[in-house]
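Asker: take a look and give me a structure for this.
(2 chains)
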Number of protein chains: 2
Amino acid sequence: MNLKEFAARIGLSQTTVSRAMSGYPEVRPETRRRVLEAAEKLGYRPNISAQRLATGRAGAIGIVFQGGGRFGPHSSEFMGGLSTRLQEDGIDILVSTVETEADEAAAYRRLAASKRVDAVIVHTPACSDARIALLQALELPFIVHGRSTAEKPFAFLDIDNFGAIETATGYLADLGHRRIALINGDTVSTYASDRDSGYRTTLEARGLAVDPALIGHGEFTDETGFRLMQAFLALPAPPTAVIAGSMMSALGAMRAIRIAGLALGEDVSLIAHDDVFPYLSPDNLVPSVTTTQSPIRAAGERIGDMVLRLLQGETPEALQEIWPVDFRIRGSTGPAPA
Amino acid sequence: MNLKEFAARIGLSQTTVSRAMSGYPEVRPETRRRVLEAAEKLGYRPNISAQRLATGRAGAIGIVFQGGGRFGPHSSEFMGGLSTRLQEDGIDILVSTVETEADEAAAYRRLAASKRVDAVIVHTPACSDARIALLQALELPFIVHGRSTAEKPFAFLDIDNFGAIETATGYLADLGHRRIALINGDTVSTYASDRDSGYRTTLEARGLAVDPALIGHGEFTDETGFRLMQAFLALPAPPTAVIAGSMMSALGAMRAIRIAGLALGEDVSLIAHDDVFPYLSPDNLVPSVTTTQSPIRAAGERIGDMVLRLLQGETPEALQEIWPVDFRIRGSTGPAPA
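Answerer: Residues are numbered from 1 along each chain as shown, chains lettered A, B, ... in the order given. Take a look at the predicted model:
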C-alpha cells in the first residue's frame, strides 16, 4: 500500500498523513493517533523519501559530540530530557560523534547537505563560537544550550551561571570565609567564564582578594576535584571554603578534605553546582551538600520544545531563555573556622 | 559539483567515493582520508540520496529507548563506548525514544521501512524477547546487548551475570554469612534472571536457605537501594550481607546501613556490581566497595565493532560474545559478625 492508497483509504490528504507520520506538530494529536492506528492496522509503512518530499522534514534532530569520552552524566541527563519531549512528537535524535572542532564543522555541513536532520542542538558554546555563524550560513536551524555572542540573533537556553556562583560566593563570604577556592571548567566555554565572573565580581565587591592559586580548572570528574582540592589544601594558606563546579568534582573534593583529616562543614565548607542526577543526590551524602541547583534534564526537555517551535516558524529572538538557579543550604557549609 | 564530477576529478569510482563518504569499512582509511580532504577542498557535498543509491547504506545505527527516563548512567556510558567506535568510521547513532513495548516494535518497523539506519542495537533483552524475531522478520540487522533465546541465531554481547553473582555469593558464604540479601532488577530481563540464578544456585550448593524476603527488585537507583535495604534491616532476622545490582543501588544501601547505626564491612558486608562509571569509583567510597566489575563503556565499543562486522557480512553466529566479570575485594566485605 502506498501513501496515495493509504490516504484515500482513511479519507485524509497525503500531506496530512505524511505530516502525521513524520511527527511534526502541525497535525492535531487526535489526527496523528488516528493515522498511526490505521497504519498499524492496515500495515501501511511510509516510504521515507515520499514522506520527506511531502513534508520536507527528516523527523530527526541532530546533536554532535566531540569525542565519545565526552558522553558522560551531563549528556545523558540532557538527552533524557530532550528525548522525552521529542518522543511526544515522534522525532528521533541523530547523534554524531567526531574527533575535532574541524570535524564538528564538517559534520554540520554534512547534516545540512544530507537533510538527515531538521535542526541541531549546539552544546557547551564558547564565549565566541564559530559554530553559530556556520549554522546560520548553512541555514540549518539550531538551538544553543548555553550562551554565546554572535552578530545575528539565535535561539538559546542557558542557566544563570553568573548568578549561581555570585550567590554561592556571597553566602560563603557572609559566613566569614576569606579564602574561597573555585573548581571550574575551561573558561573558553561561556558557562565557566560566567562562573568565573560571578566569583571574581563577588569577591571584589566584598573587598576580598582574588588569588589565582585558589582557582582550578578541569573536567568535571571525581578525579579532577580530588586533585585540585589536594593542591588547594597543600597551599601555605589553604582555603576554608570551596565551590565545586559539579557533584562529580564535589565527590573528589570531599574525599581530599576527608583524607586531610578535616571536617566538612566545619574546617572546610563546600558548595557544589548540582545538575540534578537522580543517582547522586546532595541530600544523600554525608554531610549533605549545599548546592546551587538546576536540573539539566529539564533544560533538555525545554530545548526539545523550543526546537519544535523553531521548526514551526517562531523566530530565534522569541526563543531565548535564561533560567535562574536555586540555592539550597545543607550540611556542608558553616561559619569560617576562627 | 555532483558525485560523478567529483569522482572524475579525484580519479576514483563513484562507488568508492560514496562508500568512503558514507564511512563504511570496505574502504581503506587512506582512501577515505583522501576523499574527505578532497571533498573539503573542492567543496563537494554528497547528496545523501545519491549516496544511499550507490552504497545502499544509511550511515547510521539505531537504538530505541522506552521512555526518556530510562536514559541514565548506564545508557550514557554504553553510548559513549558505542559512539567512540562508530566515530572512527563516520557512522552516526539514531536515538528513538518511545513510550511502550508496542511503540518500540512500531519504531523498528518504521526504521526498517525508511532505511534510516543500517542496523539497530537491542538492549536489556528479556529471557524471551519478541524484538528478536521481529527484527529477523524485518531483515533489519541487529546486535543484542545481553542474551536471550530465539529460534534463529543472532549476534550478541553479554557479560557473565550468572558467574558474577555466583562469585559474589560464594565469597560472602566463605566469610561465614548465612543471610545474604540480593538487590536485583526485574527478572523479566535476562541479566536479572541470570543474577537470580547465580544467587540461588550458590546458596543451594552451600546448603543455605533461599529466603524470598531477602530478595528485592527495582530500578538501579540510590532511592530503590535505600528503600530495599531499610526493609531488609527491619526484618526479624536481618541479613549480614547484601549484593547490590549497581553502584547506584549500593549508594542507597550504604546510606540505609549507616542510618541504622551499623558499620559497613563489619556489621553488614556489601558487594556491588560495578559497570564502571568514571565519576563513581568503588575505590573512592568510604569504605571502598568490593565489586564484580565489567565496564559497560567497553561493551558499547565492542558492540560498535561487531555491528560494523555484521554489516560487512559476518554471520550472527560468528558474533556472539560472553565476557567474564572481574571480582575486586575491597573494604566493604568482612567476616560475618559472630
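
Asker: can you give me the strands for the stretch 101-250 of chain A?
Answerer: A:119-123, A:142-145, A:155-159, A:180-184, A:215-217, A:241-244 (DSSP state E, counting those that start in this stretch).

Asker: now those strands in JSON lines, with mean neighbour count, mean pLDDT and distance to chain B?
Answerer: The way it works is simple: take the backbone N, C-alpha and C, and place the C-beta from them, glycine included. What follows is the strands of the stretch 101-250 of chain A, written out as JSON lines (neighbours: other CB atoms under 10 Å in any protein chain shown; pLDDT from 0 to 100; distance: least, CB to the nearest CB, whole Å):
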{"stretch": "strand A:119-123", "mean neighbour count": "23", "mean pLDDT": "98", "distance to chain B": "12"}
{"stretch": "strand A:142-145", "mean neighbour count": "25", "mean pLDDT": "98", "distance to chain B": "16"}
{"stretch": "strand A:155-159", "mean neighbour count": "23", "mean pLDDT": "98", "distance to chain B": "17"}
{"stretch": "strand A:180-184", "mean neighbour count": "27", "mean pLDDT": "98", "distance to chain B": "14"}
{"stretch": "strand A:215-217", "mean neighbour count": "19", "mean pLDDT": "98", "distance to chain B": "17"}
{"stretch": "strand A:241-244", "mean neighbour count": "30", "mean pLDDT": "98", "distance to chain B": "12"}
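
Asker: how about JSON lines for the ones you listed, with distance to residue A:86 added?
Answerer: As requested, the strands of the stretch 101-250 of chain A are exported to JSON lines (distance: least, CB to CB, whole Å):
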{"stretch": "strand A:119-123", "distance to residue A:86": "10"}
{"stretch": "strand A:142-145", "distance to residue A:86": "12"}
{"stretch": "strand A:155-159", "distance to residue A:86": "15"}
{"stretch": "strand A:180-184", "distance to residue A:86": "32"}
{"stretch": "strand A:215-217", "distance to residue A:86": "33"}
{"stretch": "strand A:241-244", "distance to residue A:86": "32"}
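
Asker: how about those strands, which one is nearest residue B:35?
Answerer: Residue B:35 lies closest to strand A:119-123 among the strands of the stretch 101-250 of chain A, at 24.0 Å (CB to CB).

Asker: okay, domains of chain A per the record?
Answerer: Using the TED database, the domain parsing of chain A gives A:3-55, A:60-159+A:297-323, A:161-295.

Asker: between the ones you listed, which gets nearest to residue B:280?
Answerer: Short answer: domain A:161-295, nearest of those by CB to CB, at 7.3 Å.

Asker: next, the distance between the ends of the closest one.
Answerer: Start and end residues of domain A:161-295 are separated by 13 Å (CA to CA, to the nearest Å).

Asker: which among the strands of the stretch 101-250 of chain A is found nearest to residue B:237?
Answerer: Of all those, it is strand A:241-244 that lies closest to residue B:237, at 42.1 Å by CB to CB.

Asker: for the closest one, packing partners?
Answerer: Judged by 3 or more CB pairs under 8 Å, 6 or more residues apart in numbering or on different chains; DSSP states H and E, strand A:241-244 is in contact with helix A:161-174, strand A:180-184, helix A:222-233, helix A:247-259, strand A:269-274.

Asker: so what are the sheet partners of it and their directions?
Answerer: Using DSSP bridges, the strands paired with strand A:241-244 are strand A:180-184 (parallel), strand A:269-274 (parallel).

Asker: list the contacts for the closest residue to residue A:129 other than its chain neighbours?
Answerer: Setting aside the residues directly before and after it, residue A:129 is nearest to residue A:148 in space (CB to CB, 6 or more residues apart in numbering or on different chains), at 4.5 Å. Residue A:148 is in contact with A:125-129, A:132, A:156, A:190, counting by CB atoms under 8 Å, 6 or more residues apart in numbering or on different chains.

Asker: quick one: residue A:148 from chain B, how far?
Answerer: According to CB to the nearest CB, to the nearest Å, residue A:148 and chain B sit 25 Å apart.

Asker: isn't residue A:197 up against residue A:162?
Answerer: Yes: between residue A:197 and residue A:162 there is a contact under CB atoms under 8 Å: 5.6 Å.

Asker: give the residue from the two that has the larger number of neighbours.
Answerer: residue A:162 (20 against 15; other CB atoms under 10 Å in any protein chain shown).

Asker: quick check: pLDDT value at that one.
Answerer: According to the predicted model, the pLDDT of residue A:162 comes to 98.

Asker: correct me, but it touches residue A:198?
Answerer: Yes: contact criterion CB under 8 Å: residue A:162 and residue A:198 qualify, at 4.1 Å.

Asker: tell me how many other residues surround residue A:93.
Answerer: Residue A:93, neighbours per other CB under 10 Å, totals 23.

Asker: pretty sure residue A:81 sits against residue A:305.
Answerer: No: counting by CB under 8 Å, residue A:305 is not a contact partner of residue A:81; they are 10.1 Å apart.

Asker: shaky segments in chain A?
Answerer: Scanning chain A for pLDDT under 70 picks out A:22-26, A:45-55, A:68-69.

Asker: what about the helices in it?
Answerer: Counting by DSSP state H, one finds helices in chain A at the ranges A:3-10, A:14-22, A:29-42, A:48-55, A:73-88, A:101-114, A:130-138, A:161-174, A:190-205, A:222-233, A:247-259, A:296-311.

Asker: nothing else from me, thank you.
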